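Asker: Got a sequence here, can you build the structure:
(one chain, ligands or ions: 2)
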Amino acid sequence: MAAAGGPVPTCVLGIDLGTTSVKAALVTGTERGLALAQSCSRETQAYSDSLGAAPQGMEQDVQKIIKALNECLAALPQQQLQRVTHIGVTGQMHGVVFWKSDKGCKWSESGPGPAFEAEQVSPLITWRDGRCSPSFLASLPLPQSHVSLATGFGCATVYWYLKNSPDFLKAYDAAGTIQDYVVAMLCDLKKPLMSVQNAASWGYFNCRNKSWNTDILKKSGFPVHLLPEVGDPGSIAGRTTCAWHGIPKGAKVGIALGDFQCSVYSCLTERTDAVLNFSTSAQLTISMPSGFQPPEAPDPSSALTYFPYFNGDYLAVAASLNGGNVLATFVGMVAQWAQELGFQVEESAIYPRIIQAALAQNPSKLSVHPTLFGERHLPELLASVSGIGASELSLGHVTRALCCGLVENLCSMLPVQQLEEMGVRRILGSGSALARNEVLRQEVERIFPFPVVYGKDVDAAVGAAMVMFHSK
Ligand SMILES: Nc1ncnc2c1ncn2[C@@H]1O[C@H](COP(=O)(O)OP(=O)(O)O)[C@@H](O)[C@H]1O
Ligand SMILES: O=C(CO)[C@@H](O)[C@H](O)[C@H](O)[C@H](O)COP(=O)(O)O
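Answerer: Ligands and ions are numbered 1, 2, ... in the order given. You can find the predicted model right below:
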């Protein structure tokens, strides 16, 4: 990783507030470029009941996310945290958390120094939330955005509350993604700041003029006062207003970024690279030529979307709602069946066993179409299994077929032939679900006719840190 010219920060903390886990990475600037000095990840176990929107709701407890963040930082070496000059923050896009601007958190002395806990914040309504039905979305004003509106997008969720629980919104005067919330707490921002990357993921945002569809939103009674200010990715949001886990007061904090853009940034070096990220979700993405502008009106039936990257560039993204979350659901199902049969098996013990079992099986006729959660362009198409032969029903056969299906599903959204036509010559793999699953990696290498290079499992956090080394 080569640092840009000019005075560079010495040590940068990168944070990724993911859907399943929080990752933290300490990246140092050396004469040979940037190096990952330390990293840590902690599962958040944050899923919470969505009282108002069950069963389609998919909410997370912000207190638990911040607890996992604090545990990650407490596990990093103090002497390195004391050298941190910049903090890069990224996380799960699309979702929305609401808070009271002057009461969003409570600072207190913890072991190595002050830390904050979430206070007077709503749950995080995540990108996986399904409360906005197709008919509800169709009832909303037409956005002026190149990104099709979907359930789980921040603006769609706000409209849902406006219609179903307007008093809920009256309790808050600030909103953002979970990563915008953390930046606002660190810098004590009265008005949250949001990058173009995250604004595009909320809907009703025009990337060309970098502004919200304020007129359209106002006309329909949308609480536009909740919309954050928008800034360029890579810009500085502010400075820490106090020491934090040993990080000196005054550290520069970057505007919060999108997670898959940071995963891409951590490894993309050639325009002929495609990045395949498997985390809770999954994305297959390639960078578009400089100057590319997406079509103004999106095609909702298209599996491909264009997301803002850095410096006005765009990424073409096959963004699947089905990634590691499908494997996690399968593991949960196995644990549930075992329990119904009278056995208590920890899910953490099931992953290595199903992976080992699948490594002993070659691909078979068993075929799994894995879209348990539908896709944004095909919300009604759920999962299915076919080619079931009596001799191919072992845990290994099923796991191998599931991993194969996940990769083939992404390929159906951005086909190999299209990658070849766009000049792709290599696949860069990222995300914990890929890093921790050899069967998934084998299927990637079998299905893609390109060399595959793997990053680490804290790619987005590393990418967020790298951006700070290159920020002005
Ligand atoms: N012990 C494990 N072995 C292999 N894969 C795992 C294990 N635990 C979790 N996973 C996979 O990792 C995925 C989460 O990856 P992660 O990068 O933490 O997600 P995110 O960045 O979205 O928070 C889970 O959805 C699951 O499929
Ligand atoms: O849906 C898209 C893009 O539209 C995804 O890339 C989306 O950004 C990600 O699923 C969310 O940010 C969650 O990411 P992760 O927690 O799965 O890493």
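Asker: How about the contacts made by S430?
Answerer: Shown in contact with S430 (Cβ atoms under 8 Å, 6 or more residues apart in numbering): 263-264, 266-267, 275-278, 454-455, 459-460. For glycine as for every other residue, the C-beta is placed from the backbone atoms N, C-alpha and C.
Asker: So which of these sits lowest on pLDDT?
Answerer: Here the lowest pLDDT out of the contacts of S430 sits on G455, with 84.
Asker: so where's the stretch 151-300 of the chain uncertain?
Answerer: For the stretch 151-300 of the chain, no stretch is flagged by pLDDT under 70.
Asker: At which residues are the helices of it located?
Answerer: Ranges of helices in the stretch 151-300 of the chain, per DSSP state H, counting those that start in this stretch, are 154-164, 166-170, 178-187, 196-200, 214-219, 259-267.
Asker: what does the stretch 1-150 of the chain give?
Answerer: 62-74, 78-81, 134-138.
Asker: thinking again about what came up before, just put the contacts of S430 in CSV and tack on distance to V224 and neighbour count.
Answerer: Below are those laid out as CSV (distance: Cβ to Cβ, whole Å; neighbours: other Cβ atoms under 10 Å):
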residue, distance to V224, neighbour count
S263, 31, 30
V264, 31, 28
S266, 34, 28
C267, 37, 21
V275, 34, 27
L276, 37, 26
N277, 33, 31
F278, 36, 28
Y454, 43, 17
G455, 39, 21
D459, 35, 32
A460, 30, 35
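Asker: Could you check how many residues crowd around S139?
Answerer: 12 (other Cβ atoms under 10 Å).
Asker: still on that earlier bit, with respect to burial, which of the helices of the stretch 1-150 of the chain scores highest?
Answerer: helix 62-74 (a mean of 21; mean count of other Cβ atoms under 10 Å).
Asker: What's opposite E375 in the beta bridge?
Answerer: L378 (DSSP bridges).
Asker: when you give positions from now on, start the count at 28
Answerer: Got it, first residue is 28 now, which makes that one E402.
Asker: residues contacting it?
Answerer: Applying Cβ under 8 Å, 6+ apart to E402 gives the contacts 330, 347-349, 408, 440.
Asker: which residues does the nearest residue in space to V280 that is not next to it in sequence contact?
Answerer: Leaving aside its chain neighbours, V280 sits nearest to I114 (4.8 Å; criterion: Cβ to Cβ, 6 or more residues apart in numbering). Residues in contact with I114 (Cβ under 8 Å, 6+ apart) are 39-42, 213, 267, 274, 278-281, 495.
Asker: Spatially, which two of those residues are the most separated?
Answerer: Spatial extent of the contacts of I114 (Cβ to Cβ) is set by the pair G41 and T267 at 15.0 Å.
Asker: Look at these two and report which has more neighbours.
Answerer: Shown here are G41 and T267; by other Cβ under 10 Å, G41 has more neighbours (31 against 20).
Asker: Please name the nearest non-neighbouring residue to the spatially most central residue of the chain.
Answerer: For the chain, the residue nearest the mean C-alpha position is Q119 (3.1 Å; Cα atoms, centre = their mean). Computed as Cβ to Cβ, 6+ apart, the closest residue to Q119 that is not its neighbour in sequence is T46, at 4.7 Å.
Asker: which parts of stretch 293-300 are buried?
Answerer: 293-295, 300 (16 or more other Cβ atoms under 10 Å).
Asker: Same question for stretch 349-367.
Answerer: So for stretch 349-367, counting by 16+ other Cβ under 10 Å, buried means 349-354, 356-358, 361-362.
Asker: Wait, A330 touches S439, no?
Answerer: Yes - counting by Cβ atoms under 8 Å, A330 touches S439, with 7.3 Å between them.
Asker: Compare these two (neighbour count), which wins?
Answerer: Legend: neighbour count by other Cβ under 10 Å for A330 and S439, higher for A330 (20 against 15).
Asker: For the more buried one, give its distance to ligand 1.
Answerer: 20 Å (Cβ to the nearest ligand atom, to the nearest Å).
Asker: Next: V49.
Answerer: With Cβ to the nearest ligand atom as the criterion, V49 and ligand 1 are 8 Å apart.
Asker: what's near enough to touch that residue?
Answerer: 42-43, 68-69, 71, 92, 95-96, 99.
Asker: Ok, L303 next?
Answerer: 309-311, 437, 454-457, 461, 471, 475, 479.
Asker: go again using 7 Å as the cut-off
Answerer: 311, 454, 456, 471 (Cβ atoms under 7 Å, 6 or more residues apart in numbering).
Asker: got it, and S262?
Answerer: So S262 contacts 282, 498 (Cβ under 7 Å, 6+ apart).
Asker: One more: F232?
Answerer: 172, 226, 239.
Asker: Quick check: the gap between it and ligand 2.
Answerer: From F232 to ligand 2 the distance is 13 Å (Cβ to the nearest ligand atom).
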